[in-house]
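Asks: Sequence isn't available, so here's the structure alone:
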């Protein structure tokens, strides 16, 4: 990343200066903590609006998202979980890293797998999600589908196929 400063190089000492260079109030960060993909800054309550004003400003190729910490129990209600299709004896549930965001429907997921070398016509049913899909196949066909794992899909995507994990 060269000499780029701030959020992306995960340097806690540089995070306040990066935010200040983007318009945050100067010298108001009490503590900064960084993680692999995000960071925390602790500021006095009175200064929070000045930091929240940075929402949507870009840093590198990403828009900043700043929000106040919400202690447990004070979160908004979450959307109800999508009900998973029930398991059927003799069928295996495979997780496939393709979903609606690639512009696919159930038939498109099956076609993508077949194009990568999976057995044709063996998808029994599909549970399509925004970023992935569960594909149900006969237990004896699992190896043929798992063999597509790691093959390329589209221009810049690698196909991921594995047995779905249970919660």
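Replies: That came through, no problem. What you see is a predicted model, and the numbers here were worked out from it, not measured in a lab.
Asks: hey, let's count contacts and neighbours off CA atoms from now on
Replies: Will do.
Asks: so what's the residue nearest in space to the middle of the chain up against?
Replies: Against the mean C-alpha coordinate of the chain, by CA atoms, centre = their mean, the closest residue is residue 131 at 8.0 Å. By CA atoms under 8 Å, 6 or more residues apart in numbering, the contact set of residue 131 is 97, 98, 99, 100, 101, 102.
Asks: and which of those is nearest residue 58?
Replies: residue 101 (22.9 Å; CA to CA).
Asks: quick one: the closest one and residue 128 touch, right?
Replies: No - the criterion here is CA atoms under 8 Å, and residue 101 misses it with residue 128 at 10.5 Å.
Asks: quick check: longest helix of the chain.
Replies: Assignment by DSSP state H gives helix 106-115 as the longest helix of the chain.
Asks: Average pLDDT for that helix, rounded please.
Replies: Regarding helix 106-115, the rounded mean pLDDT is 94.
Asks: Indicate each strand paired with the helix or strand that it is followed by and its parallel or antiparallel sense.
Replies: Using DSSP states H and E, the helix or strand that follows helix 106-115 in sequence is strand 123-128. Paired neighbours of strand 123-128 in the sheet (DSSP bridges): strand 133-138 (antiparallel).
Asks: in the strand it pairs with, what's buried?
Replies: Buried residues in strand 133-138, defined by neighbour count with 16 or more other CA atoms under 10 Å: 133, 134, 135, 136, 137.
Asks: what ranges do the strands span in this protein?
Replies: 31-34, 39-42, 58-59, 62-63, 91-96, 123-128, 133-138, 152-153, 157-158, 161-163 (DSSP state E).
Asks: Buried ones from the contacts of residue 131, can you make that a ChimeraX selection?
Replies: To isolate the buried members of the contacts of residue 131 in ChimeraX, using 16+ other CA under 10 Å:
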select :97,98,99,100
